[in-house]
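Q: heads up, no residue letters with this:
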DNA sequence: ATAGGTTTTGTCAAGCTTTTGTACAT
DNA sequence: ATGTACAAAAGCTTGACAAAACCTAT
């Protein structure tokens, strides 16, 4: 992908604007450049200094060190020394984590987590792009997205993630997953209908499951979060679904649904999924339980035994 | 009815009557005919121009375009270009030339609505593809997506849409919108942070607004539905936002937030949007109200402090 | 639906109206055009500037960047840079082929063609990224990739494309297609085996076909270019394929294969595809001919609906 | 920090052309 | 009714100007 790193010709600031942004007078900025080589602005045709956002970050680090008690010379040296590492700077914005070589999945996963935590949309998108370009969709979903969602949930429980972070990450991931899901109703494979029970608003894992299912040849109909079972039953019947999957993150969401689920299971093959799906619910209903990660479960799910779509039942 | 050709049946008007109806002088009507071929009246035995109702419609479209700022030549071209829906041939008729141009936006919009109502994912995606391929994003958002959302909301109120339909349409549209939103945090424009207040779960219109904003050069940070104001304030400060927009579909969502919103407005430029944003809330808070459709409002939102321009106010 | 200044299509604005809409004086608009090349209005017969909606958007982005603190020159560069795939502005710059942002597929397609012709890899990748992000895979393949391949072939015939260009485009497209193809052998759908006959080295269209097939629920086994029929037969038998597709760009590639193809067709459902597949070959072999574009043909290909070779006699 | 020179960028003017509503003559 | 003429409004180009922002050097 592109936008990794700031290239000249991108969006350059003149000294006045930089001064305004960082709160340092233009005279001082020039002095820091002359005395410590803190900044190396390119010049316009007419000789004006043009600063990049990396320069802005450098000034901010310099200020931090000054505030920390270092002398100007020392602060500048420290700020320069930190160059090259990833940037953080909440205010600096679009600090695109520089991912260069083929790092492993683990590095990418943490880069993604970092970018999401910092609300850095461009960086997160870039990492996601690189992930998809270097790994299979299944791998990205199973080994990056799902673990991240898992951890996000746990941090949410512990209160160690802000609402803004959770919203931001969810929205971004939902967008990427939606584009992977596009067209999943297309084709001639068996049909699955997916939904979360009433009250359940976390449907990202179900989205992942749908994508994986589709990539294994299924057509997917998606009702998503917070769906009344009555609706689900109607839809399943109307579309002559070959499989219905109901997923919830907590067992409580299934509470009180035994009767409806049993009825549903008598009409169409049913499976319960998600962390909230427990044997205690699946047994009385007499249905299948999907406990492993969504991608794995999707791969395990063979098409219906006696399909009216004459799928290639062949051993 | 006796003679003299203005019978409602064939509805043929002479130039004076047409002029009176549309409020355009006969001279101008003749000029438009001569210069732009806007009208092609049949002639009476004695040579009088006889206009059909289609002609009247064409004149009215021409006027609308003139009011919209197009030059006379362009307005005429546009008015003629829209021909093809209304045929109304009086004379020889027949032939019914299948005008296969672009189907109008309206046809596409109803095709989309139909596909969504029928939970037909591939069809809906295909229509959306064609929309994006034939029209600008702004047009699609303003004239297809927003009206659809509006109507969906109304049908929802009336109970004339099932939960499955609503979920399906929302999920699909959200996916497409998310794609259009990709990368909206990138760039160098001013920063806007968007969110819905606590309890508000309908954020699609806000998504549309964010996309339109981004396409006008803004960087967008998106927190989405159901966001505590405390979080919003923190995020706005951390990212040094140039604008914060809070949107809700119903006024109740703003209830009890006066104090927080006032505080927010004192920190960063604030605007309230959505059908739920009312003057009664904006006034005490002392902030801006965005009442038109999201795309238009996004275009109107010139970035903070834009002194140059003394020209007459654009309403 | 109300219009008033929102008309789509070729509604072209003169400078006064544009000025009124964006709140920038006509003088400034002309200055921005002259100094930064921000706008490239078409001209009326008499020389008046006529602006499109894309121009309006560009001005708005420019304004946003100005408000964000960039100098006018930088703001213009940024606004232009956001116009889709920028251009590798290295040395002299100039030329600056501004590709309108989000205009229809057609513009994207030509942007892609341009980038490929100029061996501009980042630009081509960026255009491809946005295509996939804004449209379904089917649309991109059918309406962008296939027409491009078609045209590339024709230009190749005419000698109006260099070897370097052809290689560059082929390799880049192959890479993107390969990533779309990833995982296409997994799942539970019917199996198709695809190959080009000996001597045929153009397999990109076949790749496209495989992708479309896979997205319709098929599992794909891909042998690709220049495959001896013997090999193909073995593979088809070993994997108990439900369908074999042989594709070639020119009829000569099929010459002399009648016997082998007939034998193959007696073992497993066979189809011939590509520009080289002609009735004259399909008839004696007694097999199906796929003449439409790959995506459409893939959609038409129902899974082994016909109860022909149901039990592939294993050796 | 000030002084004195340079670049950038919004604005204006003069002189001419195009567009378009209206008027006049046939 | 038609065709031509006319004039106001809106645009075009070239060239120039000046305020704001920036430069270097003291």
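A: Sure thing, it's come through. Because the structure is a prediction, the values reported are computed rather than measured.
Q: so which residue of chain A comes closest to DNA strand D?
A: residue A:46 (1.8 Å; CB to the nearest atom of the strand). Yep, even glycine has a C-beta here, placed from its N, CA and C like the rest.
Q: neighbours around that residue, how many?
A: 6 (other CB atoms under 10 Å in any protein chain shown).
Q: and it, how far is that from DNA strand E?
A: 8 Å (CB to the nearest atom of the strand, to the nearest Å).
Q: pLDDT value on that residue, please?
A: With respect to pLDDT, residue A:46 scores 84.
Q: and if you look at residue A:15?
A: 92.
Q: so what's it up against?
A: A:26, A:29-30, A:41, A:48-49, A:51 (CB atoms under 8 Å, 6 or more residues apart in numbering or on different chains).
Q: Now it: closest residue in space, sequence neighbours ignored.
A: Distances taken as CB to CB, 6 or more residues apart in numbering or on different chains put residue A:26 closest to residue A:15, at 4.6 Å, once the chain neighbours are dropped.
Q: Also residue A:190?
A: Using CB to CB, 6+ apart and skipping the chain neighbours, the partner closest in space to residue A:190 is residue A:242 (3.9 Å).
Q: and what of residue A:180?
A: residue A:211 (5.0 Å).
Q: The helix or strand where that neighbour lies vs helix C:204-215, what angle?
A: Counting by DSSP states H and E, the element that carries residue A:211 is helix A:204-215. Here the directions of helix A:204-215 and helix C:204-215 differ by 120 degrees (axes from the mean of the first three to the mean of the last three CA atoms, to 10 degrees).
Q: residues near the residue nearest to residue A:180, how many?
A: Neighbours of residue A:211 (other CB under 10 Å): 26.
Q: Can you name the residues that contact it?
A: A:137, A:141, A:177, A:180-181, A:184.
Q: What are the buried residues along the helix holding residue A:211?
A: A:204-215 (16 or more other CB atoms under 10 Å in any protein chain shown).
Q: from the middle of its chain, how far away would stretch A:12-24 be?
A: 33 Å (CA atoms, centre = their mean, to the nearest Å).
Q: How about stretch A:226-241?
A: On CA atoms, centre = their mean, the centre of stretch A:226-241 falls 29 Å from the chain's centre.
Q: near chain C, anything from that stretch?
A: No. If you take CB under 8 Å from any CB of the partner chain as the test, stretch A:226-241 misses chain C, and the best it gets is 15.3 Å.
Q: what comes into contact with that stretch?
A: Here stretch A:226-241 makes contact (CB under 8 Å, 6+ apart) with A:191-193, A:195-201, A:221, A:223, A:244, A:246, A:257, A:260-261, A:263-264, A:267-268, A:308, B:119, B:162-164, B:167.
Q: ok, which stretches of the stretch 51-200 of chain A are strands?
A: Remark: strands of the stretch 51-200 of chain A, listed N- to C-terminal, are A:191-195; assignment by DSSP state E, counting those that start in this stretch.
Q: Next to DNA strand E, which bits of it? Give me the list.
A: Contacts of the stretch 51-200 of chain A with DNA strand E, taken as CB under 7 Å from any atom of the strand, are absent.
Q: where in the stretch 51-200 of chain A is pLDDT low?
A: A:84-103 (pLDDT under 70).
Q: how about the residues of it that lie near chain B?
A: So the stretch 51-200 of chain A meets chain B at A:90-91, A:93-94, A:119-122, A:125, A:162-164, A:167-168, A:170-171, A:174-176, A:178-179, A:181-186, A:195 (CB under 8 Å from any CB).
Q: ok, of those, which come out buried?
A: A:93-94, A:119-122, A:125, A:162-164, A:167-168, A:170-171, A:174-176, A:178-179, A:181-186, A:195.
Q: Near chain C, list only the ones from these.
A: Among these, chain C is touched by A:179, A:182-183, A:186 when using CB under 8 Å from any CB.
Q: ok, residue A:168 - contacts?
A: Shown in contact with residue A:168 (CB under 8 Å, 6+ apart): A:116, A:119, A:121, B:221-223.
Q: between these, which is closest to residue B:81?
A: Using CB to CB, residue B:222 is the member of these that sits closest to residue B:81, with 36.6 Å.
Q: burial measure for that closest one, as a count.
A: 27.
Q: Residue A:45 now?
A: 6.
Q: ditto for residue A:300
A: Neighbour number of residue A:300 under other CB under 10 Å is 10.
Q: who's in contact with it?
A: By CB under 8 Å, 6+ apart, the neighbours of residue A:300 are residue A:292.
Q: Name the residues of stretch A:143-153 that are buried.
A: A:143-146, A:148-149, A:152-153.
Q: Residue A:28: what secondary structure?
A: The assignment at residue A:28 comes out as helix when based on DSSP: H, G, I helix; E, B strand; the rest coil.
Q: ok, which pair from the contacts of residue A:15 is furthest apart?
A: A:29 and A:48 (12.9 Å).
Q: Pick out whichever of the two has more residues nearby.
A: residue A:29 (22 against 15).
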